[in-house]
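Novice: Return a 3D structure for these sequence lines:
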Amino acid sequence: ISKEPGNSKPSKSIAVPPGPPMYLDLVYIPNHSNRKNVDVEFFKRVRSSYYVVSGNDSAAEEPSRAVLDSLLEGKAQWDSNMQVTLIPTHDSEVMREWYQETHEKQQDLNIMVLASSSTVVMQDESFPACKIEL
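Specialist: Here you go, the predicted structure:
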């Protein structure tokens with residue numbers, strides 16, 4: 001964070017400082033995928049097989065198109081092309097538009113997006129793939 005002379009407010013906020021990548025199995029994208037807290041650096045550093053994309057408030061830009069685009073940009077810089085799965089918690093207009101407009105790039109980067117109404121079948125039972133309620 002840098003400060004400009006005579007100004008006590010930071011000129012730029014960095015949500016995730018530069019450094020070595022972390023590898024995780026499942027990551028919940030912070031703050032309903034709001035762009036104030038998640039940028040390209042987040043996806044360059046926080047590498048996961050699964051990302052949960054929450055948010056269903058278009059007025060608050062949640063989920064943010066900028067965050068979804070940051071995933072593409074960040075993943076393009078990974079040293080491997082491991083499979084990544086996005087799990088949206090809601091069927092939002094932003095998610096649908098992003099999916100359609102960037103589908104080819106998602107395929108190139110080995111990113112799969114689950115439908116918000118996906119189900120998982122295990123042995124003799126099935127249940128929603130992702131259901132988060134607060």
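Novice: the helices in this structure, which residues?
Specialist: 30-33, 40-45, 65-75, 93-101, 103-108 (DSSP state H).
Novice: Need the ones you listed in TSV (columns: distance to residue 22).
Specialist: Just so you know, the C-beta spots here come from the backbone N, C-alpha and C atoms, and that holds for glycine as well. What follows is the helices of the chain, written out as TSV (distance: least, C-beta to C-beta, whole Å):
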stretch	distance to residue 22
helix 30-33	14
helix 40-45	6
helix 65-75	13
helix 93-101	25
helix 103-108	22
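Novice: Kindly reformat the ones you listed as TSV containing mean pLDDT.
Specialist: As requested, those are exported to TSV (pLDDT from 0 to 100):
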stretch	mean pLDDT
helix 30-33	70
helix 40-45	92
helix 65-75	94
helix 93-101	91
helix 103-108	95
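Novice: Out of those, which is closest to residue 55?
Specialist: Minimum separation from residue 55 across those (C-beta to C-beta) falls at helix 30-33, 3.5 Å.
Novice: give the contact list for residue 47.
Specialist: 21-24, 78, 82 (C-beta atoms under 8 Å, 6 or more residues apart in numbering).
Novice: all strands for the chain, in order.
Specialist: 22-28, 46-53, 84-88, 111-113, 119-122, 125-128 (DSSP state E).
Novice: so residue 72 touches residue 109, yeah?
Specialist: Yes: counting by C-beta atoms under 8 Å, residue 72 does reach residue 109; the two are 6.3 Å apart.
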